[in-house]
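Q: All I have is the shape, not the residue letters:
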């Protein structure tokens, strides 16, 4: 289910959801350490990430933790924003975290990244691991008008309150969490 700022512009509902998601991540990491390998998929979609991080700094911590552990526990994030700088995404000093993400550039930014797209109706570029690919957005316009079935929405399990912490339980992995 979607969580947005309150009608008076307060970010408290988003801050509460970030803490719920961190608790769910810790719960799943604990299960992973106990041997569980299969998890229900949970995709977090965050719009205007840099603006939200200015109000809810813990979102930057959630992004970093999902980049590190998310793939292993079925949690993924799609973040949108006007900037691709690590500092504006709450990752100042953690520039290597950006290696875990793909970036999609749209419009004039896509043309900046790949000038040969000038003149395209919907220019888009995917950048990942230093490689850039033009994207076709054919059909996207139609998708924007289709409703999402509420039955497909993930609901966090009811759990006892978990105290907020900046620590995530240590985890030993043989692979890196690329491609959150």
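A: Happy to help now that I have it. All of these numbers come straight from a predicted model, not from anything done at the bench.

Q: following the helix ranked longest in the chain, which helix or strand comes up?
A: Longest helix of the chain, by residue count under DSSP state H: helix 12-33. Next in sequence after helix 12-33, counting helices and strands by DSSP states H and E, comes strand 42-46.

Q: so what strands line up beside that following strand?
A: With DSSP bridges as the test, strand 42-46 is paired with strand 75-79 (parallel).

Q: buried stuff in the partner strand?
A: Neighbour counts over strand 75-79 (16 or more other Cβ atoms under 10 Å) mark 75, 77, 79 as buried. For glycine as for every other residue, the C-beta is placed from the backbone atoms N, C-alpha and C.

Q: For it, report the contacting residues that lie outside it.
A: Contacts with strand 75-79, where a contact means Cβ atoms under 8 Å, 6 or more residues apart in numbering, come from 21, 24-25, 28, 39, 41-46, 49, 62-63, 66-67, 69-70, 89, 101, 180.

Q: Lowest-confidence entry in the buried residues of strand 75-79?
A: When the buried residues of strand 75-79 are compared by pLDDT, residue 79 scores lowest at 82.

Q: ok so, going back, is it possible to export the buried residues of strand 75-79 to TSV including distance to residue 136?
A: TSV is the format used below for these (distance: Cβ to Cβ, whole Å):
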residue	distance to residue 136
75	28
77	24
79	22
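
Q: closest to residue 11 among these?
A: Ranked by distance to residue 11 (Cβ to Cβ), the buried residues of strand 75-79 are led by residue 79 at 15.9 Å.

Q: The closest one pairs with what?
A: Residue 79 forms beta bridges with residue 46, as assigned by DSSP bridges.
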